[in-house]
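Q: Fold the stuff below for me.
(one chain, ligands or ions: 2)
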Amino acid sequence: MTQHTPIAYVIAGSESTGGAGIQADLRTFQELGAYGVGTLTCIVSFDPRNGWAHRFVPVDPQVVADQFEAAVTTHEPSVVKIGMLGTPATIDVVAASLRSRPWEHVVLDPVLICKGQEPGAALDTDTALREQVLPLATIVTPNLFETRTLAGVDRIETLDELVDAARRIRDLGPQYVVAKGGVELPGPDAVDVLVDGDDVHVLRVPKIGEERVSGAGCTFAAAITAEIAKGSAVADAVGVAKDVTTRGVEDRIASNAPFDAVLVGARRASR
Ligand SMILES: Nc1ncnc2c1ncn2[C@@H]1O[C@H](COP(=O)(O)OP(=O)(O)O)[C@@H](O)[C@H]1O
Ligand SMILES: Cc1ncc(COP(=O)(O)O)c(C=O)c1O
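A: Numbers count the residues shown, from 1 in each chain. Ligands and ions are numbered 1, 2, ... in the order given. I've put the predicted structure just below:
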């Protein structure tokens, strides 16, 4: 039987407020008409009684491997998105799982650490991700901090510097690098660049506020994944992802948490 349903597979963590992580990924897949399949790597629960600090629990590596086996045996996906992995042991098992079968595209959102917590980033996790998963990725979507870290540069303040850093990351393996300037790159626009060999595509929309919005990065990479699963070319998928994410940032959902989250895949009911 020919398989016509686009399967979008994600290996990522749970973000328990629902704004980011696998929750955002699966909503984005649904919004774009792909059948979402997920493998859970870790659980992040912000602590409302302690300044919304991150509580982090990894899923047992064998359980990650078991979920992977169940998912790929059932659906034989050709596209996978990798979100938060969290520990070197998880990275080991995910890298081995990815290597066990062929992929058309591996979309890596290199979540080194959750939004706002970058300065405490765990170096061993960063190194494991760079050494083991980055070379398997065909598309990587670092934010500004992750771009600086992966490219090994101290400063990115202009579009040229962003493109230059993206090219350095491309030298580490992935064919396509989407470096996200987002709200962090100085200037009036949220600018991202897609570098594919000598081709550079610049994606630009006016910044919507000055704040980072939870789930923006997850939504962006998930939308790329869904569009590729549906058969789009990478540059087209990235264009759709920018549109979907911009709309989600505009429509953002406020809550009792001190940060807003991207709103995709749900409609506001009029009261
Ligand atoms: N305030 C904003 N206004 C418009 N676009 C935004 C805003 N914040 C993020 N984006 C866009 O959302 C996507 C995810 O970016 P970013 O927030 O930098 O990623 P991450 O969540 O990985 O840190 C990018 O396309 C970025 O340009
Ligand atoms: C499990 C998980 N994945 C991914 C992220 C990154 O989310 P964002 O899309 O806001 O960069 C977070 C951040 O809190 C997270 O907890």
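Q: Around ligand 1, which positions in the stretch 101-250 of the chain sit nearby?
A: Residues of the stretch 101-250 of the chain lying close to ligand 1 by CB under 6 Å from any ligand atom are 115, 143, 180, 182-183, 190, 192, 205, 207-209, 212-213, 216-217, 220, 242, 245-246, 249. Heads up, the C-betas are built off the backbone N, CA and C, glycines and all.
Q: PyMOL command to pick out the buried ones of those?
A: What follows is the PyMOL syntax selecting those of these that are buried according to 16 or more other CB atoms under 10 Å:
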select buried, resi 115+143+180+182+183+190+192+207+212+213+216+217+220+242+245+246+249
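Q: Now, the residues of the stretch 101-250 of the chain next to ligand 1 that are in strands?
A: 180, 182, 190, 192, 205 (DSSP state E).
Q: is ligand 2 contacted by stretch 243-259?
A: No - Stretch 243-259 stays clear of ligand 2 (CB under 6 Å from any ligand atom), getting no nearer than 8.7 Å.
Q: can you check stretch 48-64 too?
A: No - counting by CB under 6 Å from any ligand atom, ligand 2 has no neighbours in stretch 48-64; the shortest distance is 6.9 Å.
Q: Give me the buried positions along that stretch.
A: So for stretch 48-64, counting by 16+ other CB under 10 Å, buried means 54, 56, 58-59, 61, 64.
Q: who's in contact with it?
A: Stretch 48-64 has contacts (CB atoms under 8 Å, 6 or more residues apart in numbering) with 11, 39-47, 86-87, 89-90, 92-94, 97, 114, 117, 256-259.
Q: follow-up on the earlier one: got the ones in strands among the residues of the stretch 101-250 of the chain next to ligand 1 as CSV, with distance to residue 174 and pLDDT columns?
A: CSV is the format used below for those (distance: CB to CB, whole Å; pLDDT from 0 to 100):
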residue, distance to residue 174, pLDDT
180, 14, 98
182, 19, 96
190, 22, 98
192, 15, 98
205, 24, 97
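Q: Just to be sure, which of the residues of the stretch 101-250 of the chain next to ligand 1 are found in helices?
A: 216-217, 220, 242, 245-246, 249 (DSSP state H).
Q: and which of the residues you listed is nearest to ligand 1?
A: Distance to ligand 1, by CB to the nearest ligand atom, is smallest for residue 217 among those, at 2.1 Å.
Q: My understanding was that that closest one contacts residue 180; is that so?
A: Yes - taking CB atoms under 8 Å as the definition, residue 217 is a contact partner of residue 180 at 6.9 Å.
Q: intersection of neighbour lists for the two?
A: Counting by CB under 8 Å, 6+ apart, the residues touching both residue 217 and residue 180 are 141, 143.
Q: picking up where we left off before, which two from the ones in helices among the residues of the stretch 101-250 of the chain next to ligand 1 end up farthest apart in space?
A: Farthest-apart pair in those is 217 and 246; separation 13.2 Å (CB to CB).
Q: just the buried members of the contacts of stretch 48-64?
A: Of the contacts of stretch 48-64, these count as buried by 16+ other CB under 10 Å: 11, 39-44, 46, 86-87, 90, 92-94, 97, 114, 259.
Q: so who does residue 162 touch?
A: Residue 162 neighbours (CB under 8 Å, 6+ apart): 144, 147, 156, 179, 181, 185, 191, 193.
Q: What are the boundaries of the strands in the stretch 51-200 of the chain?
A: 53-58, 79-82, 105-108, 139-140, 176-182, 189-196, 199-206 (DSSP state E, counting those that start in this stretch).
Q: Any chance of CSV for the ones in helices among the residues of the stretch 101-250 of the chain next to ligand 1, columns distance to residue 229 and pLDDT?
A: As requested, these are exported to CSV (distance: CB to CB, whole Å; pLDDT from 0 to 100):
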residue, distance to residue 229, pLDDT
216, 21, 98
217, 19, 98
220, 15, 98
242, 18, 98
245, 17, 98
246, 21, 98
249, 23, 97
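Q: Leaving out chain neighbours, which residue sits closest to the residue in the stretch 1-150 of the chain that ligand 1 sits nearest to?
A: Closest residue of the stretch 1-150 of the chain to ligand 1, CB to the nearest ligand atom: residue 143 (3.4 Å). Using CB to CB, 6 or more residues apart in numbering and skipping the chain neighbours, the partner closest in space to residue 143 is residue 180 (4.8 Å).
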